Structure formats: C-alpha cells, structure tokens
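Undergrad: predicted model, plus sequence, below.
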Amino acid sequence: MSLKLLATPSKSGKRLNHHTVAILLKSFSKAKRRPRKKPFLTPLHKRKRRVYCKGERAIERDNWKVCWSDEVTFEVGEDLRDFFMTRGPGREEEYAEKNLKLTFKSGRTSVGIWSCFCGDEMGPLYMLLEGEKIIAKRYKYVL
C-alpha cells in the first residue's frame, strides 16, 4: 500500500500529509522497500513440494557416492519496472506472500546451463541451446 493511499481521508475525514505517515510508519519499523521476487506457486505446487521434501528426508543414503546434476536457466527480457511497498524488517515479513513480486514465465527468453558433480569432483559446464533440456539419455554425450 502506498503512502499516498494511507494519507487519504479516513473515517474521521482528516487528511494526513504523506510525510507524517512515513514518520509514523518508521516509528513502528515499517519502511518503503522493494518486494522480493519469487515465482508464482499455486497451493497445489506447494503441497506437492512439501510431500516430495518429506520423502527425500526419509531416505538414508551416502550423498558422497551420488552423481548430482542440475540445470539452471537465466531469464532474458525480464520485467524491470521498479516499485516499492511498505513492510517491516525481518524474514517473516520479507517473504510473506502479500509482500512478494510474483514472476511469471511469459515474453522472456531462457538461457540454460547444465553441470554435474560427485563428491569433490565437478563435471563440465554445458550451455544448452534454446528450448533444450538435459535428460537421462543425453548424459553420456555430455560427459
């Protein structure tokens, strides 16, 4: 909510200066801050992720003997418009859903990079072509 909106006449009909509102909010540790960006997740996504993580926690394995791989994508053409919102300090408010700037995958180009590691050893970095994904059949060609 913007300071100008907070300064509009309330039930009492009194109008506050937005500087007065800023001073009052600051006395309660509220300030103008940029929201954190986070991909949009539906309640179903969150529930499935929680079930998956609980299942992974229950598995007992020697992680030094597993070949881990990961793929990362960078988005080009991202929405760079900047805005501020009023919230307090601390991680609880910082990552509360009402204080996030949700991101959606549309109108952007993805650039992907893939690599793997096992124990202390790291494999090569492989740049993926547009729309390409690494699947199990392709591992032998990359390594």
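TA: In hand now; what should we look at? Numbers count the residues shown, from 1 in each chain.

Undergrad: and the residue positioned nearest the centre of the chain, helix, strand or coil?
TA: The residue lying closest to the centre of the chain (Cα atoms, centre = their mean) is K38, at 2.7 Å. Of the three states, K38 takes strand under DSSP: H, G, I helix; E, B strand; the rest coil.

Undergrad: show me what the nearest residue to it once chain neighbours are set aside is bridged to.
TA: Nearest residue to K38, sequence neighbours excluded (Cβ to Cβ, 6 or more residues apart in numbering): L100, at 4.8 Å. Every residue, glycine included, has its C-beta placed from N, CA and C. Assessed by DSSP bridges, L100 has beta-bridge partners R36.

Undergrad: mean confidence for stretch 134-143?
TA: Mean pLDDT, stretch 134-143: 60.

Undergrad: okay, now W114: neighbour count?
TA: Neighbour count for W114, taken as other Cβ atoms under 10 Å: 21.

Undergrad: which SS state does it fall under?
TA: Under three-state DSSP, W114 comes out as strand.

Undergrad: grab the longest helix from the protein for me.
TA: For the chain, the longest helix by residue count, based on DSSP state H, is helix 43-58.
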